[in-house]
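Undergrad: I need the structure of the sequence given here:
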Amino acid sequence: QVQVVESGGGSVQAGGSLRLSCVVSALIYCSYDMSWHRQAPGKEREFVSGTGSDGSTIYADSVKGRFTFSQDFAKNTVYLQMNSLKPEDTAMYYCKSVCYNKGNPMDVWGRGTLVTVSS
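TA: Got it, this is the predicted structure:
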């Protein structure tokens, strides 16, 4: 009923940039509450950026000033522009959408896109 598909990952050198995209296709209602998360090898998944309850964009401290979250409501797409990448940004990046099945909210995750930053 819902597909969340990330793209745009790749391998870059430190200081480089990448732009991730995430498209949501659904037969049920999915809200504008979408966010990016990442999981580095051997570590837990962590929040990167998304929309707060007041509609503002929030970022993890580790990416503030380097990453930019944006959203195209008409296309059900969110983006993550990542600049000044660091080796510690290496991770699988996941997109999450909040959808509603019979009125019940549920988190729907994509399969992720891999970002590798070399020093």
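Undergrad: Next, find the distance separating the spatially most distant residue from the centre of the chain from Y29.
TA: Most distant from the centre of the chain: K102, at 25.4 Å, with distances by CA atoms, centre = their mean. K102 is 10 Å from Y29, where distance means CB to CB, to the nearest Å. All C-beta atoms are positioned from the backbone trio N, CA, C, and that covers glycine.
Undergrad: Helix or strand with the lowest mean pLDDT in this protein?
TA: strand 29-39 (a mean of 91; mean pLDDT, DSSP states H and E).
Undergrad: So which residues of the protein form strands?
TA: Taking DSSP state E, the strands of the chain run over residues 2-7, 10-13, 18-26, 29-39, 46-51, 57-59, 67-72, 77-82, 91-101, 104-109, 113-118.
Undergrad: Report the contact partners of the spatially most central residue of the chain.
TA: Geometric centre of the chain, nearest residue: W36, 2.3 Å, by CA atoms, centre = their mean. Shown in contact with W36 (CB atoms under 8 Å, 6 or more residues apart in numbering): 20, 22, 47-50, 69, 78, 80, 93-96.
Undergrad: Quick check: beta-bridge partners of it?
TA: When bridges are called by DSSP bridges, W36 pairs up with S49, C95.
Undergrad: I'd like to know how far it sits from S119.
TA: For W36, the distance to S119 equals 23 Å [CB to CB].
Undergrad: again with G8
TA: 21 Å.
Undergrad: So between those two, which is more surrounded?
TA: Under the criterion of other CB atoms under 10 Å, the comparison of G8 against S119 puts G8 first, with 16 against 9.
Undergrad: Next, count neighbours for the residue lying closest to the more buried one once chain neighbours are set aside.
TA: Among residues not flanking G8 along the chain, L20 sits closest, at 4.1 Å (CB to CB, 6 or more residues apart in numbering). By other CB under 10 Å, 24 other residues sit near L20.
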